[in-house]
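Participant: sequence and computational prediction follow.
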Amino acid sequence: MKQAVDSRVEPYTRGFERVLLSLAALLPAVGAWYLHYFEIGARVFHGPRIHELAIGISVLASGFVAYVAIRCFASSGEVFLRWLALALVAETVIYAPHGLFTPLAHDHTALFLIYGPASRFGMAILLMVGLMRYSVPAVPIEARSRRFWWRGAVALVSFDVVLGMVALLYSAAMPVLRLIFEYGALLITLIAIVLMLMRPKASPLMRIYTFALTGFATASIVFIFARPWTHLWWYAHAVFAAAFMLLGFGVLRAFHTTGSFSGVFSQEELMRRLRSEKERAEVAARELMRANQRLEQLAATDSLTGVANRRRLIAGAQRECERARRGRTPLALLLIDIDHFKAVNDRYGHAAGDAVLKRFAEEGVAVLREIDLMGRIGGEEFAVVLPDADSDEALHVAQRLRAAASAMVVGDVADPEFRVTVSVGVAVLGADGTDPQSLLRAADHRLYLAKGAGRDRVVGVNCRLQTG
């Protein structure tokens with residue numbers, strides 16, 4: 001009943017989950033609108049020292065996250081992660097002059113402001129490149145060289161130098177270039193968000209990635225409308241920093257899990273895989289249990305006849321002796337030997353001898369009860385444990401086995417005059433001993449007497465001789 005209710009409610013819970021995530025992603029934009037609408041964002045707070053400190057912390061943090069992303073790529077070879085790491089390097093290298101040139105904010109405003117939009121534009125391009133190569137197979141280990149990172153770093157530093165020279169030479173054009181960078185970063189980021197939303201499934205880290213993109217897009221929008229040193233301008237920095245923290249958190253999660261940014265499972269996927277693996281483990285455990293049971297059976301079974309082997313028979317006899325002593329119930333043991341078995345092998349071959357052993361074991365099992373235990377203890381010699389059987393009952397069972405042997409037909413022997421006989425020695429618990437070894441000794445002695453009396457005979461307690 002609970003599963004049926006959950007299946008009806010699940011579409012609504014998932015829909016509400018999407019609504020909550022969307023509202024959380026749009027909340028920074030609501031804060032920016034609030035500051036702008038009530039003209040709180042237009043107020044000026046000129047704090048160059050705070051700005052330098054904030055940019056310094058941001059550069060150190062982004063540099064560390066970029067290093068972690070590079071280590072993740074070295075481990076997994078994920079192409080998407082390589083471009084994500086390079087985007088973080090770009091953010092670090094291009095953004096650093098924005099803090100360094102803070103003291104020049106008054107005299108060289110264009111030089112001071114241009115590096116922020118440029119870093120967002122460069123990072124957006126590289127993030128888009130990575131997203132377009134999301135499903136590309138992993139880079140082989142031998143191709144994960146450091147040259148890629150050195151070349152990228154040199155290109156980014158060169159871009160910093162060229163951008164600084166352009167800002168000094170063409171400062172009047174910088175406001176336009178700044179808007180080009182800002183609008184370009186916004187457009188590319190919005191396209192990336194749409195691409196992410198179009199994916200049917202996403203790992204939890206890719207969901208964090210989408211949230212970070214939304215924060216970057218919001219920051220670009222706010223920077224477009226904000227003037228330097230206003231509260232709205234500071235707020236844009238805070239929104240961008242929050243988005244970057246989310247992205248950094250995703251990279252650290254990748255480092256602590258699979259080393260792959262897109263290869264970390266969602267909770268639902270993880271639970272599905274756990275259930276699947278649990279079912280597979282349970283099936284394997286059942287198969288292993290059955291295999292162990294088969295192995296135990298094989299280890300305790302005579303391979304030729306299918307009855308118990310010597311080890312299993314002795315263990316069963318020991319168990320029945322203990323039970324009989326506790327319950328004060330009778331117990332008997334038969335020792336059976338096929339007469340003239342060597343002559344059968346010599347005259348008809350070992351294949352015929354094996355057929356005789358198997359046929360006698362089949363006849364013996366058919367004669368015995370379910371609680372009785374028959375085993376082959378060596379060569380042509382068999383033993384039978386008879387729980388709850390006294391001397392007379394044991395003699396009766398022995399005679400039935402002897403008669404079954406005499407009447408059986410062995411298909412592998414073509415001689416119509418061929419006939420199998422057995423000699424049987426009987427021992428009972430108490431009179432002949434209290435353990436399997438003493439019972440076997442007593443039964444063996446009586447078996448020897450039966451053979452000495454002419455074979456095809458049963459000798460019981462007190463040497464009672466029966467021939468038929």
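Facilitator: Right, received. Where do you want to start?
Participant: buried ones in the longest helix seen in the chain?
Facilitator: In terms of residue count, the longest helix belonging to the chain (DSSP state H) is helix 2-37. Judged by neighbour count using 16 or more other CB atoms under 10 Å, the buried positions of helix 2-37 are A25, P28, A29, G31, A32, L35, H36. Using the backbone N, CA and C atoms, a C-beta is placed for each residue, glycine as well.
Participant: for stretch 175-190, same thing?
Facilitator: L177, R178, F181, E182, G184, A185, L186, I188, T189, L190.
Participant: let me know the average pLDDT across the helix or strand following the longest helix of the chain.
Facilitator: Using DSSP states H and E, the helix or strand that directly follows helix 2-37 along the chain is helix 48-76. Across helix 48-76, the average pLDDT comes to 92.
Participant: next SSE downstream of helix 48-76?
Facilitator: Per DSSP H and E, the first helix or strand lying C-terminal to helix 48-76 is helix 79-100.
Participant: okay, that following helix in PDB with CA atoms only?
Facilitator: The C-alpha trace of helix 79-100 is given here as PDB (Å, rounded to 0.1, in the frame of the first residue of the first chain):
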ATOM      1  CA  VAL A  79      37.600  16.000 -20.800                       C
ATOM      2  CA  PHE A  80      34.800  18.100 -19.400                       C
ATOM      3  CA  LEU A  81      36.900  18.400 -16.200                       C
ATOM      4  CA  ARG A  82      40.000  19.500 -18.000                       C
ATOM      5  CA  TRP A  83      38.200  22.500 -19.600                       C
ATOM      6  CA  LEU A  84      36.500  23.200 -16.200                       C
ATOM      7  CA  ALA A  85      40.000  23.200 -14.600                       C
ATOM      8  CA  LEU A  86      41.300  25.500 -17.300                       C
ATOM      9  CA  ALA A  87      38.300  27.900 -16.800                       C
ATOM     10  CA  LEU A  88      39.200  28.100 -13.100                       C
ATOM     11  CA  VAL A  89      42.800  28.800 -14.100                       C
ATOM     12  CA  ALA A  90      41.600  31.600 -16.400                       C
ATOM     13  CA  GLU A  91      39.500  33.000 -13.600                       C
ATOM     14  CA  THR A  92      42.500  33.100 -11.300                       C
ATOM     15  CA  VAL A  93      45.000  34.500 -13.800                       C
ATOM     16  CA  ILE A  94      42.800  37.100 -15.500                       C
ATOM     17  CA  TYR A  95      41.000  38.200 -12.400                       C
ATOM     18  CA  ALA A  96      44.200  38.800 -10.300                       C
ATOM     19  CA  PRO A  97      45.100  42.200 -12.000                       C
ATOM     20  CA  HIS A  98      41.600  43.400 -10.900                       C
ATOM     21  CA  GLY A  99      42.900  43.300  -7.400                       C
ATOM     22  CA  LEU A 100      46.400  44.400  -8.200                       C
END
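Participant: pull out the buried positions in that helix.
Facilitator: So for helix 79-100, counting by 16+ other CB under 10 Å, buried means 79-99.
Participant: how about stretch 304-321?
Facilitator: T305, V307, A308, N309, R312, L313, I314, G316, A317, E320, C321.
Participant: how about TSV for the residues you listed, with secondary structure and pLDDT added?
Facilitator: Listed next are the buried residues of stretch 304-321 as TSV, based on DSSP: H, G, I helix; E, B strand; the rest coil; pLDDT from 0 to 100:
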residue	secondary structure	pLDDT
T305	coil	91
V307	coil	91
A308	strand	91
N309	coil	92
R312	helix	90
L313	helix	92
I314	helix	92
G316	helix	93
A317	helix	94
E320	helix	94
C321	helix	95
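Participant: of these, closest to A42?
Facilitator: Distance to A42 across the buried residues of stretch 304-321 (CB to CB) is lowest for R312, with 94.2 Å.
Participant: give me every residue that touches the closest residue to that closest one other than its chain neighbours.
Facilitator: Excluding the flanking residues, the one nearest R312 by CB to CB, 6 or more residues apart in numbering is A300, at 3.6 Å. A300 is in contact with A308, N309, R311, R312, A315, counting by CB atoms under 8 Å, 6 or more residues apart in numbering.
Participant: what residues are bridge-paired with the first one?
Facilitator: Partner residues in beta bridges with A308: T301, G375, with DSSP bridges as the criterion.
Participant: that one contacts L373, correct?
Facilitator: Yes - applying CB atoms under 8 Å as the test, A308 and L373 come out as touching, 6.0 Å apart.
Participant: what is in contact with those two at once?
Facilitator: Common contact partners of A308 and L373 (CB under 8 Å, 6+ apart): G316.
Participant: separation between the residue nearest to R312 and R311?
Facilitator: When distance is defined by CB to CB, to the nearest Å, A300 is 7 Å away from R311.
Participant: host element of the residue nearest the centre of the chain?
Facilitator: Nearest residue to the geometric centre of the chain (CA atoms, centre = their mean): E277, 5.8 Å. Secondary structure assignment for E277, by DSSP H and E: helix 267-299.
Participant: pLDDT of that helix, averaged?
Facilitator: On average, helix 267-299 scores 76.
Participant: what's the answer for stretch 32-41, then?
Facilitator: Mean predicted lDDT for stretch 32-41 stands at 84.
Participant: mind checking the end-to-end distance for it?
Facilitator: Terminal residues of stretch 32-41 lie 8 Å apart, using CA to CA, to the nearest Å.
Participant: what comes into contact with that stretch?
Facilitator: 42, 218, 221-222, 225-226, 230-233, 235-236, 239.
Participant: what is the burial count for F112?
Facilitator: For F112, the neighbour count with other CB atoms under 10 Å is 24.
Participant: residues in contact with it?
Facilitator: Contacts for F112 (CB under 8 Å, 6+ apart) come out as H98, F101, T102, L104, A105, P228.
Participant: within the helices and strands, which one has the closest residue to the second one other than its chain neighbours?
Facilitator: Computed as CB to CB, 6+ apart, the closest residue to F101 that is not its neighbour in sequence is F112, at 4.7 Å. Under the criterion of DSSP H and E, F112 resides in helix 109-132.
Participant: quick check: next helix or strand after that helix?
Facilitator: helix 147-169.
Participant: hmm, who's touching the helix or strand sitting right after that following helix along the chain?
Facilitator: Counting by DSSP H and E, the next helix or strand C-terminal to helix 147-169 is helix 174-198. Residues outside helix 174-198 that contact it (CB under 8 Å, 6+ apart) are 110-111, 113-114, 117-118, 120-121, 123-125, 127-128, 131, 166-167, 202, 206, 209-210, 213-214, 216-217, 220-221, 223-224.
Participant: of those, buried ones?
Facilitator: Among the contacts of helix 174-198, the ones that count as buried (16+ other CB under 10 Å) are 110-111, 113-114, 117-118, 120-121, 123-125, 127-128, 131, 166-167, 206, 209-210, 213-214, 216-217, 220-221, 223.
Participant: show me the contacts for L113.
Facilitator: For L113, the contacting residues are H98, A105, M174, R178, P228, by CB under 8 Å, 6+ apart.
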